[in-house]
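Enquirer: Just a sequence and a predicted model for now, questions to come.
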Protein chains: 2
Amino acid sequence: MGKESFVEQIADIEKDFPQWYTDVVLKTKLVDYGPVKGTMVIRPYGYAIWENIQAELDARFKATGHKNAYFPLLIPIGYFTKEAEHVEGFAPEVAVVTHAGGEELAEPLAIRPTSETIIGSMYSKWLQSYRDLPIKINQWCNVMRWEKTTRPFLRTSEFLWQEGHTAHATEEEARGETMQMLGVYKEFAENVLAIPVICGKKTEKEKFAGAVATYGMEAMMKDGKSLQAGTSHYLGQNFAKAFDIKYLDKDGTQKYAYTSSWGVSTRLIGALIMAHGDSRGLVLPPKVAPVQVVIVPIAAKKGGVVEMCEQIKQKLEEMSIRVEFDNTDASPGWKFNEWEMKGVPLRIEIGPRDIENGKAMIFRRDTLQKESYDLSTLAQTVQELLSTVQNDMLEAARVRRDGRIVYAEDLDGILKGVESGNFVKAGWCGCRECEDKVKEKTAATARVYAEGETAEKCAVCGKKAEHVVIFARAY
Amino acid sequence: MGKESFVEQIADIEKDFPQWYTDVVLKTKLVDYGPVKGTMVIRPYGYAIWENIQAELDARFKATGHKNAYFPLLIPIGYFTKEAEHVEGFAPEVAVVTHAGGEELAEPLAIRPTSETIIGSMYSKWLQSYRDLPIKINQWCNVMRWEKTTRPFLRTSEFLWQEGHTAHATEEEARGETMQMLGVYKEFAENVLAIPVICGKKTEKEKFAGAVATYGMEAMMKDGKSLQAGTSHYLGQNFAKAFDIKYLDKDGTQKYAYTSSWGVSTRLIGALIMAHGDSRGLVLPPKVAPVQVVIVPIAAKKGGVVEMCEQIKQKLEEMSIRVEFDNTDASPGWKFNEWEMKGVPLRIEIGPRDIENGKAMIFRRDTLQKESYDLSTLAQTVQELLSTVQNDMLEAARVRRDGRIVYAEDLDGILKGVESGNFVKAGWCGCRECEDKVKEKTAATARVYAEGETAEKCAVCGKKAEHVVIFARAY
């Protein structure tokens, strides 16, 4: 297989989206399969995206008063049974350590699928007085959920994430925290990942095991399916009661705290790929792109070309722009293909004639447009273009998404809507039977309530609608 | 127990160093015990130190051409048996997952104690041609080694670390990498942690299981014991052969790569505590201190005091100094004790009379000295003092350490030396028997070779000395 032909190795995004996804994540070296079924290796190009995501989110968590900590990976199995819904939700997915140090353990240990239980047990120990509240801690770590069907980034037995866990004196404050962090996620998704999201409450069926209420943010992928990109849970006093998280209040009585938890994971990388990618491969928003600008010399052996590229590179680096100068032996065409597949937002092309004319070409990955710019102000132009690309990508994604939200009056309408790759808004009576029926007939699930919208009738049973729900097929 | 008396809760550092350590780590809220024996919870104050360590090291790794990635937590048990020494070294400490997703696994999985094996298996897949070399990857992650006796930060079943793994075309290059990273660790330990370290090669007995050569950096704690603060391993072709890490060279033949690995862990926090701490608690070097400056108001209710404190806080924050303004109800004396125990490098005290005189007091945690400075240039003074404290702490630690390195001619001399809390340099013939005898009689182990030094005779058997070895009791 010749080097020039590698782009054809990516499946057609229109014809086989799942295969396109697999091809893109492997061929751009974002990820590889680990030796144990269902595990992934996040390669340097993929991990650099995660580092950028982490830096952006971590700054937001700290700005809202959270501190990072680290809790143990292994949780006594017994902890899970303390919260009835929680154990039911997570027990089937848990990986269990039974032997260590050459001996069988007295009590088996679970590898954390999420840390409400172990963190709850520590908060119980740390929390004494109302003066200790609120507790606002976040943790960056790996978690494990044994899944039958896995796909890199989207669903793997081990993944990386952050989980925030907070405890408060009042319900109002804990609910406020839950909504604040959902808001942080939304602002981040839109302004950093350039992915417009719909936030809202989840149905009882779809909520987190052990929560009073779960709020999710849903993002539309290019195939019209939804990806749950983050969740924020109001846990009420469920975990406080299960783990005895209580404090001596000002009035001299012992009270249970109200807790919240919220998380996003390496799934976000999957969201980036499927929200923005195209037939040539990745399209990365500048704020998280590991390489924001690639410089490709044309006729590099001609005098002055390499020097000019080096100069530009240095100038961009001084402006803290992440830049690569591709001075390998490959042909310009091959380099164009490679860096386009890797989703680099801007490509600068410089040849002898450009230098003569005091110009350089800049190619935009998001619009596939190429334009000539003055060399003398190139660095400034690049900086402005990066900002333009970032904004335009969000806007383009928003237009795409908004054009694919439809309303349905009945089950058939929901089916047709999701089959054509839409999010479908429909009235719902609120009963589990109707929700199950939608799933059974259309393979779509209730993503979130469409906040503030009302409908007359349930699209399934025709009874009075309690909510408008966004139905979609989902990852 | 009254608030004012808490300092007395720390054991006397001179009389009971181990208890002093335990008291300090728990009472300053660096860490807590996890529910599973041998595990720790790294609390926000401790984790903030780790974040500062990570940021400093990560920048150095990237500046030397390494990229971060993430490899799976779970390793098929069979991988360990591929490298004979490696399995012998790690098998007894491994925690094993036997069940997951409600079923027994066909092959048990080890939780990584270190990742040479799984990373080796991936490098084998990724490495094709000499053009792919060198591979220089680092990973920040958790690892697990089941230990019988544990202590927070120093030895716990789970800990956080970074592990660098590189593959090279030649022995020279791989050895060069091994030494370069040892040098990076040394520079970091001295300039960031203010801990002078002795670097050198380890004996065969003390080397990493599977390495050709291990180089360690050893730091002296206040009790005269040594703490291995980091290691860098030249692995030769041992793992390359075990995992088939080979490439097609320019000459058209298949060749095995040469690999290295190197790591430091949350142990470094233990090193910080025991290298610098004193009877009042922690003494943290400014570069890693979560709080570099605390402002304590004197007679805060008097007009203008709080405002002045706020002003100073803001000015210091603008200079990216990590500052806290302690405006709680506690007495100044209580606050002094608390922040001293927490090791904050500088304390600014401001009262109404100081403001009248245009002055403020600054207390240095490292020297326990207090001096009055002009308010008008206070921010500048603080910045300079932070730098002075950083340098002085290294110098003081170096003087302490250098005063406790002695030479011994025989086993009795080694015993006396280590019993008085020294590092002891002694000639060694190179045989395992003599090394074992030192341990048996003195409880000291060979830390590293004293590079460049020679001796006539082995201090144990009297035969010709091949090396000068630094013996010490160690954590």
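Expert: All right, it came through fine.

Enquirer: mind listing what's buried in the host helix or strand of residue A:389?
Expert: Using DSSP states H and E, residue A:389 falls within helix A:378-402. Buried residues in helix A:378-402, counted by 16 or more other CB atoms under 10 Å in any protein chain shown: A:378-379, A:381-383, A:385-386, A:388-390, A:392-394, A:396-397, A:401. (Glycine included, C-beta is placed from N, CA and C.)

Enquirer: Which residue ranges make up each domain of chain A?
Expert: A:3-276, A:293-385, A:405-472 (automatic domain parsing).

Enquirer: Tabulate these (a markdown table), appending distance to residue B:173.
Expert: Shown next, in a markdown table, are the domains of chain A (distance: least, CB to CB, whole Å):
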| stretch | distance to residue B:173 |
| --- | --- |
| domain A:3-276 | 19 |
| domain A:293-385 | 20 |
| domain A:405-472 | 52 |
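
Enquirer: Residue B:93 is nearest to which of these?
Expert: For those, proximity to residue B:93 was assessed by CB to CB; domain A:3-276 is nearest, at 6.3 Å.

Enquirer: Can you pull the residues of the stretch 151-300 of chain A lying near chain B?
Expert: Residues of the stretch 151-300 of chain A found near chain B (CB under 8 Å from any CB of the partner chain) are A:157-158, A:160.

Enquirer: So which of those is surrounded by the most neighbours?
Expert: For these, the largest number of neighbours (other CB atoms under 10 Å in any protein chain shown) sits with residue A:157, at 25 neighbours.

Enquirer: In terms of helices and strands, where is the closest residue in space to that one that isn't next to it in sequence?
Expert: Distance criterion CB to CB, 6 or more residues apart in numbering or on different chains; nearest residue to residue A:157, sequence neighbours excluded, is residue A:38 at 3.9 Å. Counting by DSSP H and E, no helix or strand carries residue A:38.

Enquirer: give the contact list for residue A:38.
Expert: Applying CB atoms under 8 Å, 6 or more residues apart in numbering or on different chains to residue A:38 gives the contacts A:146-147, A:150, A:156-157.

Enquirer: Select from the residues of the stretch 151-300 of chain A next to chain B every entry located in helices.
Expert: Using DSSP state H, no member of these falls within helices.

Enquirer: and the helix or strand encompassing residue A:272, how far out from the chain's middle?
Expert: Taking DSSP H and E as the criterion, residue A:272 maps to helix A:267-276. On the basis of CA atoms, centre = their mean, to the nearest Å, helix A:267-276 is displaced by 7 Å from the centre of the chain it belongs to.

Enquirer: Now that helix: average pLDDT?
Expert: Averaged across helix A:267-276, pLDDT comes to 98.

Enquirer: contacting residues around the residue of the stretch 351-475 of chain A at minimum distance from chain B?
Expert: In the stretch 351-475 of chain A, the residue that lies nearest chain B is residue A:475 (19.8 Å; CB to the nearest CB). Taking CB under 8 Å, 6+ apart, we find residue A:475 in contact with A:154-155, A:221, A:225-228, A:270, A:274.

Enquirer: next one: residue A:407
Expert: By CB under 8 Å, 6+ apart, the contact list for residue A:407 reads A:413, A:424-426.

Enquirer: can we see that at 6 Å?
Expert: Neighbouring residues of residue A:407 by CB atoms under 6 Å, 6 or more residues apart in numbering or on different chains: residue A:425.
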